[in-house]
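Asker: dropping a prediction and its sequence here:
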Amino acid sequence: MLITIIAAIIITAAVAFLIVKYLPLKLRPLVSILLLVLAVFLTWKIYDGVMKPIQFHKNKTVVYEKVINQLKIIRDGQIAHKQVTGKYSKNINSLVQFIDTAQLALTNTTTVVEKVNKGTKWQPIMVDVEKRVTDTIGYEPVVSKFTGRDYQNMAKVPGTNKEFSMEVATVEKFPGVFVDVFFAKANKLDVLEGMDASLVKQELEANTSDEIKGNLISVGSLNEVTTGGNWPPSYDKNDSAKKDDK
């Protein structure tokens with residue numbers, strides 16, 4: 001678009017030069033009006049060319065924030081599910097039911113000192129050894145961790161008629177040590193539907209550190225042990241602000 005605008009400006013300047021040099025005086029007012037209209041049109045195109053990406057970025061950010069907030073709910077639900085059951089949920093709807101019904105154990109860890117024999121049965125050497133003891137002191141409904149959050153609709157991708165896709169798997173963290181992982185995702189094309197096609201195409205090819213890379217918005221991984229998302233830190237600023245307020 002920018003190249004087209006520059007070319008149009010050069011052509012307009014050339015036409016204006018030719019008018020001044022060769023066009024009869026009686027026709028110059030009409031042509032001047034046409035050139036003025038063309039100048040206004042080009043000014044609008046330049047303005048639109050500058051503002052369209054800016055507005056796209058604003059709209060995109062608003063939509064992404066909503067999607068990421070839902071992915072954070074899925075992540076927190078999965079973390080709670082693993083704490084209680086020892087594994088991740090395979091199904092988002094089952095995860096909603098879990099949040100509604102499950103209880104999270106509240107524990108208290110203390111350090112106690114015990115006498116341990118470091119010698120033999122016949123020549124005991126008693127040594128003080130510190131041990132950490134964890135006791136369950138009560139239970140808390142998992143749903144209390146999701147107060148004010150729309151976990152009931154966590155399966156739905158905001159602004160679309162789509163649902164998040166979620167998978168669970170097992171990866172080898174160390175040789176012989178296998179760990180459960182999960183992966184939830186939404187497609188950028190679904191989230192950005194209806195926006196400028198050329199700018200959406202550029203967005204799908206985003207590869208900078210301050211952008212969500214690739215064509216997915218996701219949390220977790222099926223290839224490595226992580227519960228992080230693929231979005232930049234800027235989308236976590238509100239979370240940090242909420243923690244500071246507490």
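Answerer: Okay, I see it.
Asker: what mean pLDDT does the longest helix anywhere in the chain get?
Answerer: Of all the segments of type helix in the chain, defined by DSSP state H, the longest one is helix 28-85. Averaging pLDDT along helix 28-85 gives 83.
Asker: now stretch 169-188
Answerer: pLDDT averaged over stretch 169-188 gives 93.
Asker: could you list the buried residues of it?
Answerer: 181-188 (16 or more other C-beta atoms under 10 Å). For every residue, glycine as well, the C-beta is placed using N, CA and C.
Asker: chain center to that stretch, what's the gap?
Answerer: On the basis of C-alpha atoms, centre = their mean, to the nearest Å, stretch 169-188 sits 18 Å off its chain's mean C-alpha point.
Asker: then stretch 121-128?
Answerer: Taking the mean of its C-alpha atoms, stretch 121-128 sits 58 Å from the chain's own mean (C-alpha atoms, centre = their mean).
Asker: now do the end-to-end distance for that stretch.
Answerer: One end of stretch 121-128 sits 17 Å from the other (C-alpha to C-alpha, to the nearest Å).
Asker: give me the contact list for it.
Answerer: 113-119 (C-beta atoms under 8 Å, 6 or more residues apart in numbering).
Asker: what's the neighbour count on residue 97?
Answerer: 11 (other C-beta atoms under 10 Å).
Asker: mind listing the helices for the chain?
Answerer: Remark: helices assigned in the chain by DSSP H are 2-22, 28-85, 92-101, 188-191, 197-204, 237-245.
Asker: can you check what angle separates the third one from helix 28-85?
Answerer: Interaxial angle, helix 92-101 versus helix 28-85 (axes from the mean of the first three to the mean of the last three C-alpha atoms, to 10 degrees): 60 degrees.
Asker: how about helix 92-101: buried residues?
Answerer: Buried positions in helix 92-101, judged by neighbour count with 16+ other C-beta under 10 Å: 92, 95-96, 98-99.
Asker: thinking again about what came up before, now the angle between helix 197-204 and the longest helix of the chain, please.
Answerer: 40 degrees.
Asker: what is helix 28-85 packed up against?
Answerer: Judged by 3 or more C-beta pairs under 8 Å, 6 or more residues apart in numbering; DSSP states H and E, the packing partners of helix 28-85 are helix 2-22, helix 92-101, strand 103-117, strand 177-187, helix 188-191, helix 197-204, strand 216-220.
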